[in-house]
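In: Output the structure for:
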Amino acid sequence: MQRRTLMLGACAAVAAPTIGWTQSQPKVTIAVGGKNLLYYLPLTIAETQGFFKDEGLDFTIVDFAGGSRALQAVVGGSADVVSGAYEHTINMQAKGQFMREFALQGRVPQIVLGVNPKTMPNFKTVADLKGKKVGVTAPGSSTNVMLNFVLARAGLKPTDVSVIGVGAGNGAVAAMRSGQIDAISNLDPVITLLKRSGDLRIVSDTRNVAESDKVFGGPMPAGCMYAPQAYIDKHPQTIQAIANAIVRANKWIQQAGASDIVKAVPESYLLGDRAVYIDAFLASKGALSPDGLLPEAGPATALHALQSIDPALKDAKIDLAATYTNDFVKKANAKGAKG
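Out: From the prediction side, this is the model:
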């Protein structure tokens with residue numbers, strides 16, 4: 001079989017009995033944008049705890065500055081699967097390219113929009129961001145979508161601010177602390193680190209499920225595993241194996257304590273502060289999917305949010321049923337339950 005690279009973004013694994021395939025899997029490359037983020041914690045756990053290997057997967061994970069870059073890797077053919085934001089499946093279908101989510105990692109976006117107290121000490125409302133520089137993980141990524149959505153609710157257009165890609169790690173922290181950006185749309189552990197050091201004033205927080213539902217008007221599915229429909233059709237057993245590992249990781253995370261998580265992730269994820277990472281995990285744990293299932297109302301919520309900020313999507317005919325499937329995750333949960 002031809003060698004392929006598969007970029008895996010936001011997958012999760014569960015501490016359930018191993019569900020493996022007896023036959024070998026093709027090499028798969030998983031693309032992810034900001035692997036150190038808690039948004040993609042299930043993916044990391046599936047990797048470090050050996051859940052992917054237990055499924056017989058020969059995998060490579062390639063990390064990018066943001067979800068939009070990870071998506072580009074799959075579109076360009078250098079990766080097979082994305083660990084990224086669910087809304088990309090909707091955007092791509094509008095462009096005639098069918099991508100499908102098959103394992104959920106996050107129940108809510110976990111994205112936080114905040115302002116820089118140093119450059120915006122008199123901030124009062126989102127309208128004050130007009131003409132300001134706002135950092136996102138990468139232009140076009142889910143952090144950019146969240147920013148646009150909040151701006152739209154305040155009567156601002158995406159072009160009313162200057163969007164700057166700052167990544168999802170120390171570069172984002174440095175950009176805020178040095179005053180290079182006036183606001184930031186990012187995720188944990190970056191957000192908790194900036195908040196604890198007094199370098200961030202939170203404006204909108206979707207790490208909390210209730211707050212996210214309030215912001216978006218319903219369940220807004222976030223980090224997930226998705227792939228081109230053609231790849232799913234050609235390699236259903238590989239997709240099932242990935243889903244098995246992600247579900248196993250999701251469940252492992254829900255049962256884990258903060259110390260377990262710190263031991264399971266690379267030292268570089270801690271951004272030099274173990275206590276901050278623990279606080280960030282505790283703040284985000286409830287936002288992570290417990291079972292990998294995408295809520296039925298989620299796709300409609302995501303489409304509505306995207307249509308409110310992208311005129312090109314307002315008249316687009318989107319088949320939401322083709323943007324996700326819970327079939328693989330249901331099988332993973334059923335087999336896991338049987339032990």
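In: and the lengthiest helix in the chain, what's its mean pLDDT?
Out: Selection of the longest helix in the chain by residue count, based on DSSP state H, yields helix 236-255. Averaged over helix 236-255, pLDDT sits at 98.
In: Just the buried residues of that helix, please?
Out: 238-254 (16 or more other CB atoms under 10 Å). Just so you know, the C-beta spots here come from the backbone N, C-alpha and C atoms, and that holds for glycine as well.
In: elements contacting the helix or strand that V173 is a member of?
Out: For V173, the host element (DSSP states H and E) is helix 170-177. Packing contacts for helix 170-177, counted by 3 or more CB pairs under 8 Å, 6 or more residues apart in numbering; DSSP states H and E, involve strand 133-136, strand 183-186, helix 190-196.
In: which ones are touching G66?
Out: G33, G34, V136, T137, A138, P139, G140, S141, T143, G165, G167, A168 (CB atoms under 8 Å, 6 or more residues apart in numbering).
In: what does L200 give?
Out: With CB under 8 Å, 6+ apart, L200 has these contacts: G114, V115, N116, P117, M176, I184, I191, L194.
In: Just the buried ones from those?
Out: By 16+ other CB under 10 Å, these give G114, V115, N116, M176, I184, I191, L194 as buried.
In: Just confirm the first one is within a strand.
Out: Yes. In this structure, G114 lies within a strand as judged by DSSP: H, G, I helix; E, B strand; the rest coil.
In: So for P121, what's the pLDDT?
Out: 98.
In: and it, how many neighbours?
Out: 9 (other CB atoms under 10 Å).
In: so it sits in a strand?
Out: No. Looking at P121 with three-state DSSP, it is coil, so not inside a strand.
In: Distance of it relative to V150?
Out: According to CB to CB, to the nearest Å, P121 and V150 sit 20 Å apart.
In: Distance check, G76 against I242.
Out: Distance from G76 to I242, by CB to CB: 20 Å.
In: so where do the strands sit in the chain?
Out: Shown for the chain, the strands assigned by DSSP state E span residues 6-7, 27-33, 58-64, 81-85, 99-104, 112-115, 133-136, 162-165, 183-186, 201-205, 223-228.
In: Good, wrapping up.
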